[in-house]
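*Asks:* Quick one, fold the following:
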Amino acid sequence: MSDYVLAIDQGTTSSRAIIFDHSGSIISTGQLEHEQIFPRAGWVEHDPMEIWANTREAIGQALSKANLTRHDIAAIGITNQRETAVVWNKNTGKPVYNAIVWQDTRTQDIVDALSVAGGVNRFKERVGLPLATYFSGTKIVWILDNVDGAREAAEAGDLLFGTTDTWVLWNLTGGVNGGVHATDVTNASRTMFMDLKTLQWDEEILGIFGVPKSMLPEIKSSSEVYGVAEEQSLLRETPIAGILGDQQAATFGQAAFATGEAKNTYGTGNFLIFNTGEDIVQSQNGLLTTVGYKLGDEPAHYALEGSIAVSGSLVQWLRDNLGLISSAAEVQDLADKVEDNGGAYIVPAFSGLFAPYWRPDARGAIVGLTRYVNKHHIARAALESIAYQTRDVLEAVNADAGVDLTELRVDGGATANDTLLQFQADILNVPVVRPVVAETTALGAAYAAGLAVGFWKSLDELSANWQEDKRWEAQMGEHERERLYRNWKKAVSKTLDWVDDDVL
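*Replies:* This next block holds a predicted model:
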């Protein structure tokens, strides 16, 4: 019997391959970053060919480091940056344009045009999402309208669309030589095209957007065998058996399977997901309704989600754009040299504000500056902004769910930062809990794949794998907590109504 499951984690900044054993422990990892392409303000792109090349190399790295071969791998799971859109020619295997990343805001004019009849919530009851640049539907429209020959090729049936899970799956299973064109319900639920009740593409909405249905992948569950790796792959004949969008995968990896359980992932952005079970709950407070997971023929489980565009990428901005730090880890060292933010607040509305505000007109701001403020305060304000945004979302979750969350399970790269997690507990007044395996996104994809092939037998078996590493309890007084949060809300108000016809 094969003793391991390999997860491909195709993220916003890198592609990774992580091998897990039966206990959910990491055996080895391969990882390569890909270029972040910014053609103009508000535009964010990736090269799909670079992503695919890096994915293959990451698989090789992971296998080599562990001295394993395809015979040791029971199944492959895929998790991915969810709303990033790739459109390619099925005959050549080449993208017609770079992948348009979830953070990209170029499609605001398309959103505005679609909102004229019915407003931004025009399709929300059916698809769970407001009209926004965030989701992949308008990105497809932009490519069809702006790339020479793309619409004609799409209408002729020559173009395929996929989020990056679909792009990786298609290439891994053969590409132009019979590659499987499919996605799972969690990724499909982020396009604006999938009906939450039927879990199928909504042909009326596709018609309104002007997107040919022939471009779209087949929607499948999150845990089933989609196909096997093609003959030229290091993993040839290994089944690809799990797909989950990154935030749903992290929720699955946290073993938050039951109604009322939640997690918060600190990655490029921040994403809090609250499991609502088999019930579709429509948010009244700026959250998204999405599919949490679907295992084979079992009913889908749904979730409320608070999506924050910029958290970890703010630290990356401090490093790459300002040169304030040389590595992400340094931000904690800087922040720890001061006791507070010195009155400074950073609102990182680089792509507008996502949940719970949904204000595309917002732009980033640093406010409260005095001569007293130095780089240490700026670093601390950057970390604190992540925690404040999480409180914004958690308050919306509590209002929609009707019951307050009693603890917050956390994961993602920034959870290595103890200063952040203590402040997170302080500003929420809720315990914050980090698991032993913080790479829950890849773990969730591995779990979905392993369940499909019998490597793991049940959700109970997966729950038994989860172990607490560390817990942070609130230490801040109520008066100070509310003073800081009040000033954060004031800082947010300064970022609104910034974009107009003269400001990108």
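
*Asks:* how about the strands in the stretch 301-450 of the chain?
*Replies:* Per DSSP state E, counting those that start in this stretch, the stretch 301-450 of the chain carries strands over the ranges 301-308, 345-347, 365-367, 408-411, 432-435.

*Asks:* Compare those and give me the one nearest residue 147.
*Replies:* Checking these against residue 147 by CB to CB gives strand 301-308 as the closest, at 27.3 Å. C-beta here means a position set from N, CA and C on the backbone, and glycine is covered the same way.

*Asks:* Quickly run through the sheet partners of that closest one, with directions.
*Replies:* Next to strand 301-308 in the sheet, as set by DSSP bridges, lie strand 270-277 (antiparallel), strand 288-293 (antiparallel).

*Asks:* Please verify my assumption that residue 220 contacts residue 187.
*Replies:* No. Between residue 220 and residue 187 there is no contact under CB atoms under 8 Å: 10.2 Å.

*Asks:* Who has more neighbours out of these two?
*Replies:* residue 187 (31 against 19; other CB atoms under 10 Å).

*Asks:* Now do the shared contacts for residue 220 and residue 187.
*Replies:* Taking CB atoms under 8 Å, 6 or more residues apart in numbering as the contact definition, residue 220 and residue 187 share the neighbouring residues residue 243.

*Asks:* Listing request: residues of this protein with sub-threshold pLDDT.
*Replies:* Residue ranges of the chain with pLDDT under 70: 1, 501-504.

*Asks:* Kindly recompute the last result at 80.
*Replies:* 1, 401-405, 500-504 (pLDDT under 80).

*Asks:* farthest residue from the center of it?
*Replies:* Here the chain reaches farthest from its C-alpha mean at residue 371, the gap being 37.7 Å by CA atoms, centre = their mean.

*Asks:* Tell me the secondary structure at residue 167.
*Replies:* Three-state call for residue 167 (DSSP: H, G, I helix; E, B strand; the rest coil): helix.

*Asks:* Using the three-state scheme, assign the closest residue in space to it that isn't next to it in sequence.
*Replies:* Distance criterion CB to CB, 6 or more residues apart in numbering; nearest residue to residue 167, sequence neighbours excluded, is residue 86 at 4.6 Å. Of the three states, residue 86 takes strand according to three-state DSSP.

*Asks:* can you pull the contacts of residue 86?
*Replies:* Neighbours of residue 86 in contact, by CB under 8 Å, 6+ apart: 48, 95, 99, 161, 162, 163, 164, 166, 167.

*Asks:* want to try JSON lines for these, with distance to residue 429, neighbour count and secondary structure as columns?
*Replies:* Below are these laid out as JSON lines (distance: CB to CB, whole Å; neighbours: other CB atoms under 10 Å; DSSP: H, G, I helix; E, B strand; the rest coil):
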{"residue": "48", "distance to residue 429": "44", "neighbour count": "25", "secondary structure": "helix"}
{"residue": "95", "distance to residue 429": "47", "neighbour count": "22", "secondary structure": "strand"}
{"residue": "99", "distance to residue 429": "40", "neighbour count": "30", "secondary structure": "strand"}
{"residue": "161", "distance to residue 429": "44", "neighbour count": "27", "secondary structure": "strand"}
{"residue": "162", "distance to residue 429": "42", "neighbour count": "26", "secondary structure": "strand"}
{"residue": "163", "distance to residue 429": "36", "neighbour count": "29", "secondary structure": "coil"}
{"residue": "164", "distance to residue 429": "37", "neighbour count": "31", "secondary structure": "helix"}
{"residue": "166", "distance to residue 429": "41", "neighbour count": "27", "secondary structure": "helix"}
{"residue": "167", "distance to residue 429": "42", "neighbour count": "32", "secondary structure": "helix"}
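
*Asks:* which helices and strands does the longest helix along the chain pack with?
*Replies:* Taking DSSP state H as the criterion, the chain has its longest helix at helix 375-401. Here helix 375-401 is seen to pack against strand 262-266, strand 270-277, strand 301-308, helix 312-320, helix 330-335, strand 345-347, helix 418-428, helix 478-493 when contacts are counted using 3 or more CB pairs under 8 Å, 6 or more residues apart in numbering; DSSP states H and E.
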